[in-house]
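Undergrad: Sequence below, structure please.
(one chain, ligands or ions: 1)
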Amino acid sequence: MAKIVFFSQTGQTRKFVEKVKQYESIEITPSNFEIEMSEPFILVMPSYEANVHPIVIDTAADFLETSDNIAYCKGLFGGGNLNFAQLFCITAKTLAKDYNIPLLHEFEFQGTPLDVKKLEEELQKIE
Ligand SMILES: Cc1cc2nc3c(=O)[nH]c(=O)nc-3n(C[C@H](O)[C@H](O)[C@H](O)COP(=O)(O)O)c2cc1C
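TA: Predicted coordinates for the structure are as follows:
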């Protein structure tokens, strides 16, 4: 069964993934990232400017580099705030580039119903 893995500093991304009821979600944190995955998953990451919050990107990188996690990561969803203009969803974009993982979708804050539908559709595809 496909899974959602996410990071959430202030709770917006957690609220987004909790709207998808049919799939289990797993939260990674700076002190809990060594989780070994054995099923395909989508990684949902909010964005924090690299120099403001390196801890966010480092947590995701450490998680992806745990065991065979990169192989099971079938795509990224990037959360952010459009006011950040060219830095919109910078964390997910950086991870997509660094790890050669497709960036499937970008959304703001806790997502719209269309963003939730998109995540459900992408999870169905990787089942
Ligand atoms: C200090 C700070 C820096 C942020 N930097 C960015 C950014 O560079 N790009 C972006 O798209 N959003 C940025 N955001 C917006 C967050 O990514 C957005 O609010 C997101 O929904 C937060 O998710 P979370 O509550 O799960 O941590 C920033 C927010 C804060 C508080």
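Undergrad: Only C-alpha atoms from now on, for both contacts and neighbour counts.
TA: Fine.
Undergrad: Which neighbouring elements make contact with the biggest helix by length in the chain?
TA: Longest helix in the chain, counting residues (DSSP state H): helix 113-126. Packing partners of helix 113-126 (3 or more CA pairs under 8 Å, 6 or more residues apart in numbering; DSSP states H and E): strand 41-45.
Undergrad: mind listing what the strand it packs on pairs with, with the direction of each?
TA: Its sheet considered, strand 41-45 pairs with strand 3-6 (parallel), strand 73-80 (parallel) by DSSP bridges.
Undergrad: Let's see the longest one as PDB, backbone CA atoms only.
TA: Meaning strand 73-80. The C-alpha trace of strand 73-80 is given here as PDB (Å, rounded to 0.1, in the frame of the first residue of the first chain):
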ATOM      1  CA  CYS A  73      10.300   7.500  -3.300                       C
ATOM      2  CA  LYS A  74       8.100   7.900  -6.300                       C
ATOM      3  CA  GLY A  75       7.600  11.700  -6.200                       C
ATOM      4  CA  LEU A  76       7.600  14.900  -4.300                       C
ATOM      5  CA  PHE A  77       4.800  17.300  -3.500                       C
ATOM      6  CA  GLY A  78       6.000  20.800  -2.600                       C
ATOM      7  CA  GLY A  79       4.200  23.000  -0.100                       C
ATOM      8  CA  GLY A  80       4.900  26.700   0.100                       C
END
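Undergrad: does any bit of the next helix-or-strand element following that strand sit next to the ligand?
TA: Heading C-terminal from strand 73-80, the first helix or strand you meet, by DSSP states H and E, is helix 90-99. Yes. Applying CA under 6 Å from any ligand atom, one finds helix 90-99 touching the ligand at residue 90.
Undergrad: partners of the most centrally placed residue in the chain in the sheet?
TA: Closest to where the C-alpha atoms of the chain average out (CA atoms, centre = their mean) is residue 44, at 1.5 Å. Per DSSP bridges, residues listed as beta-bridge partners of residue 44: residue 6, residue 77.
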